[in-house]
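In: Pasting the sequence and the predicted coordinates here, then a few questions.
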Amino acid sequence: MSTLETFAQSGDLLDKPEVLTIPPSFRGTRNKIIVSFIHMVLGIVFLLPMVWVVDAAFSAHASGSLTRPSFTLVNFRAAMSLGAGRAIENSLYLAIVSTVVATFVSVLAAYALSRRRVPLKGSFLVATLMLSGLPITLLLIPIYFLYVRLGWLNSPFYTSLALAASSVPFTIWLLKNFFDQVPKELEEAAAIEGAGGVRILWRVVVPLATPGILVASIITFINSWGSFLLPLVLDANPSNTPAAIGIYSNIVANSQVSYGPLAAYAILFSLPVMLLYLLSTRWLHGGFSFAGGVKG
Amino acid sequence: MANLVLEGVTKVFKGKDAAAVHDLDLEIEDGEFIVVVGPSGCGKSTTLRMIAGFETPSKGVIRFGGKIMNNVPPKDRNIAMVFQNYALFPHMTVQKNLSFGPRVRREGKSTIKREIERIVDVLGIGELMDRKPGELSGGERQRVALGRALLRQPDVFLLDEPLSNLDAALRVQMRMEIKRIHEQFPVTMLYVTHDQVEAMTMADRIALMSGGRLQQVDAPERIYDHPANSFVASFIGTPKINFFSGSIVNEGGAAHVRFLGGTYVLDDEYQKGVDLLNGADVSVGVRPENIRIVRAGGGRLPTIGCTVELVEPLGPETHVLVRSGEDLFICKVPARSKLSIGESVEVEFEPSAMKLFHPESGRCMEAEGSDSPIMSVVDA
């Protein structure tokens, strides 16, 4: 007799429901296997191009497919001779200046929006959020003509201002939400101690919103680092070319693609951002809390 | 050090119909410890915030030492404040929290050091200096907040429910510490709380608020013994005062009050009272400690028969909830009285402790210079 029949006969069916169903632990395991398999496939799909880049960069015979693993720095030397060093310097300049400007402007704007009575604040915030989704291509031509009028073309500094401006709507929105979470009593306590607006912002609010400010800065930096269209349109001077354009113009624009130098250039181009990522995970690891400052 | 005057202060918040604070007149003497007490939403915190400068009065004037302060920002008012939530800067150590204000005010390094040492001594927070607020207990944080406020050497010291986040034992301890601090640093202190025990134990005077309006300002004993209205009478005192419906009757040409506890002749002062019309309803208030459980027929006062509904032994005394018909009320008996639920007892009321309140407005009917409305007792 099967187990089922035994129970059916004994009338114990209703007493032992677990025999009739799949135990939860087993069901969970099956799902976990399926999910893990999907993760693996997706992981391979995304990692494969990166594996290729590393392989091609260090390989003497780089091509569009994976080669036998080898090690040479020939491609890096080629990339440097094509101006990768100078281009990365230009990218660093654009990214750093635009990040500093955007962060400074956004902190002030976000603080005002968070704490002060601003006319039409609600509409302004909604507009800010919508503008942050605006594709830069829509603004390219108007910005170009504006820069022509102002005489700001072919200048890394003014180009980085345009890059900053393109990030500011999003960073204002982001920072405003961080500032909203800083308890108002802390600022009131500082005011009672005699601190004025700027000191309260600098000594009380900014230290507590540092993780948010870091996030905003990192996002701006990465956006500016990879920015292609704005620098292309606003700065025609070849010695000002950032790396994003450099990769394109030096290697890809030729009829024949030099995979080795291309991959090496790409790795050099990624290094600052990877470093930033590693540093930021360390800075942001502690999270932020107002523990002890304000109850609850 | 300065006196603090509020004249006709009103605050209406945008979008709200009712005023959070309505026409508040309050004069606080230099060095006085005044407690503003009332239920949640009575306007006490709003009043405090207007004095601090975080809210602007819609109407009326606030003066410190005669100077109008309405449009002076908080940082220029020379006040100190202890917040309900401590408001310590979480990213700074205790040392930095304490020295924040003096550094902002550009006090000399040696002055700051000396002042901090003195405060640390008074409050016993020396061992906490290198810790951050997150590493401190509630009581420690409160002491640091007090220390920061004391360093301010303010004209007015504001405390916004500073003990409400502490446990009961700590609250008692901190109450005494704050009182002790006030004795050592006799600065004008305005203390806001919803706890009437804190008010009774700490205040030189109590300002009781309800619904945005000031109900009574007086010394604790006077508020207890001579409440201005039924709200004040029931807010102050634990357990709450008992209210009975009664009426005024004219017998033998004299006005009497008749209620559950018996019939009593009213004092001469009250005989002339316009309010006291024959048949008019009154509310009679008697505090639990003025209702006694006695042996039947024992004394000259009338007694009524009641049933014991609930007995609450508290240690030093026992509270007993008794019922007589529809009326339920509380009386206090000595600690070791042996009473059981359902037991029948005789209860007598102390005439000199009775208060008469207008049944609608709640106003206490008390004549000038008279301690009690009751003159003598008449057998029921």
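Out: Perfect, thanks for sending it.

In: What does the closest residue to chain B within the stretch 101-250 of chain A show for phi and psi?
Out: Closest to chain B within the stretch 101-250 of chain A is residue A:193: 3.5 Å, counting by C-beta to the nearest C-beta. C-betas here are computed from N, CA, C, even on glycine. Main-chain torsions, residue A:193, degrees, to the nearest 10: phi -70, psi -10.

In: Next, the contact list for it, please.
Out: B:75, B:100-101, B:104-105, B:148, B:152 (C-beta atoms under 8 Å, 6 or more residues apart in numbering or on different chains).

In: Helix or strand: which one has the spatially most central residue of chain A?
Out: The centre of chain A sits closest to residue A:219, judged by C-alpha atoms, centre = their mean, with a distance of 4.4 Å. If you go by DSSP states H and E, residue A:219 is part of helix A:210-225.

In: Extract the C-alpha set from that helix and format it as PDB.
Out: The C-alpha trace of helix A:210-225 is given here as PDB (Å, rounded to 0.1, in the frame of the first residue of the first chain):
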ATOM      1  CA  THR A 210      27.700  64.600   3.700                       C
ATOM      2  CA  PRO A 211      26.700  61.200   2.300                       C
ATOM      3  CA  GLY A 212      24.000  62.900   0.200                       C
ATOM      4  CA  ILE A 213      26.500  65.500  -1.000                       C
ATOM      5  CA  LEU A 214      29.000  62.700  -1.900                       C
ATOM      6  CA  VAL A 215      26.400  60.900  -3.800                       C
ATOM      7  CA  ALA A 216      25.400  64.000  -5.700                       C
ATOM      8  CA  SER A 217      29.100  64.800  -6.500                       C
ATOM      9  CA  ILE A 218      29.800  61.300  -7.600                       C
ATOM     10  CA  ILE A 219      26.800  61.300 -10.000                       C
ATOM     11  CA  THR A 220      27.900  64.600 -11.400                       C
ATOM     12  CA  PHE A 221      31.500  63.500 -11.800                       C
ATOM     13  CA  ILE A 222      30.500  60.300 -13.600                       C
ATOM     14  CA  ASN A 223      28.100  62.200 -15.900                       C
ATOM     15  CA  SER A 224      30.700  64.800 -16.800                       C
ATOM     16  CA  TRP A 225      33.400  62.200 -17.200                       C
END
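
In: Buried residues in the helix or strand following that helix, which are they?
Out: Counting by DSSP H and E, the next helix or strand C-terminal to helix A:210-225 is helix A:229-234. Neighbour counts over helix A:229-234 (16 or more other C-beta atoms under 10 Å in any protein chain shown) mark A:230-234 as buried.

In: C-terminal to helix A:229-234, what's the next element?
Out: Using DSSP H and E, the next helix or strand after helix A:229-234 towards the C-terminus is helix A:243-247.

In: and for that following helix, what are the contacting residues?
Out: With C-beta under 8 Å, 6+ apart as the test, helix A:243-247 has contacts from A:82-84, A:87-88, A:90-91, A:225-228, A:231-232, A:262, A:265-266, A:268-269.

In: How about stretch B:309-319?
Out: Applying C-beta under 8 Å, 6+ apart, the external contacts of stretch B:309-319 come out as B:239, B:288, B:320-323, B:328, B:330-337, B:339-341.

In: Buried members of the residues you listed into ChimeraX, please.
Out: Of those, the buried ones can be selected in ChimeraX as follows, counting by 16+ other C-beta under 10 Å:
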select /B:239,288,320,321,322,330,331,332,333,339
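
In: what about the helix holding residue A:219, near chain B?
Out: No: Helix A:210-225 lies out of reach of chain B by C-beta under 8 Å from any C-beta of the partner chain, never closer than 8.5 Å.

In: Those residues of the stretch 101-250 of chain A touching chain B, which are they?
Out: So far as C-beta under 8 Å from any C-beta goes, the stretch 101-250 of chain A lies against chain B at A:183, A:185-186, A:188-196, A:199, A:203-204, A:207-208.

In: got the residues of chain B near chain A?
Out: Counting by C-beta under 8 Å from any C-beta, the positions of chain B adjacent to chain A are B:52, B:54, B:73-76, B:79-81, B:83-91, B:100-101, B:104-105, B:132-136, B:138, B:141, B:148, B:152, B:165.

In: List only buried entries from those.
Out: For the residues of chain B next to chain A, a neighbour count by 16+ other C-beta under 10 Å gives the buried set as B:52, B:54, B:74-75, B:79-81, B:83-91, B:100-101, B:104, B:132-133, B:136, B:138, B:141, B:148, B:152, B:165.

In: From these, which land in strands?
Out: With DSSP state E as the criterion, strands contain B:79-81 from among those.

In: Dump those residues into a markdown table; add distance to residue A:212 as well.
Out: Below are these laid out as a markdown table (distance: C-beta to C-beta, whole Å):
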| residue | distance to residue A:212 |
| --- | --- |
| B:79 | 31 |
| B:80 | 31 |
| B:81 | 27 |
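
In: which residues of chain A fall in helices?
Out: Assigned by DSSP state H, chain A shows helices spanning A:3-10, A:24-58, A:74-81, A:84-115, A:121-131, A:137-150, A:156-180, A:184-192, A:197-200, A:206-208, A:210-225, A:229-234, A:243-247, A:259-284.

In: right, so of those helices, which gets closest to residue B:250?
Out: With C-beta to C-beta as the measure, helix A:184-192 is the member of the helices of chain A nearest residue B:250 (59.6 Å).

In: Surely residue A:131 touches residue A:169?
Out: Yes: if you go by C-beta atoms under 8 Å, residue A:131 and residue A:169 touch, sitting 4.2 Å apart.

In: Neighbour count: those two, which is higher?
Out: residue A:169 (19 against 15; other C-beta atoms under 10 Å in any protein chain shown).

In: quick one on the thing from earlier: determine the set of other helices and strands touching the helix holding residue A:219.
Out: Applying 3 or more C-beta pairs under 8 Å, 6 or more residues apart in numbering or on different chains; DSSP states H and E, one finds that helix A:210-225 contacts helix A:84-115, helix A:156-180, helix A:259-284.

In: Between those helices, which one is closest to residue A:33.
Out: Minimum separation from residue A:33 across the helices and strands packed on helix A:210-225 (C-beta to C-beta) falls at helix A:259-284, 30.0 Å.

In: Name the residues of that closest one that are buried.
Out: Buried-residue list, helix A:259-284, by 16+ other C-beta under 10 Å: A:259-270, A:272-273, A:276, A:280.

In: contacts with chain B among those residues, please.
Out: Of the buried residues of helix A:259-284, not one also sits near chain B (C-beta under 8 Å from any C-beta).
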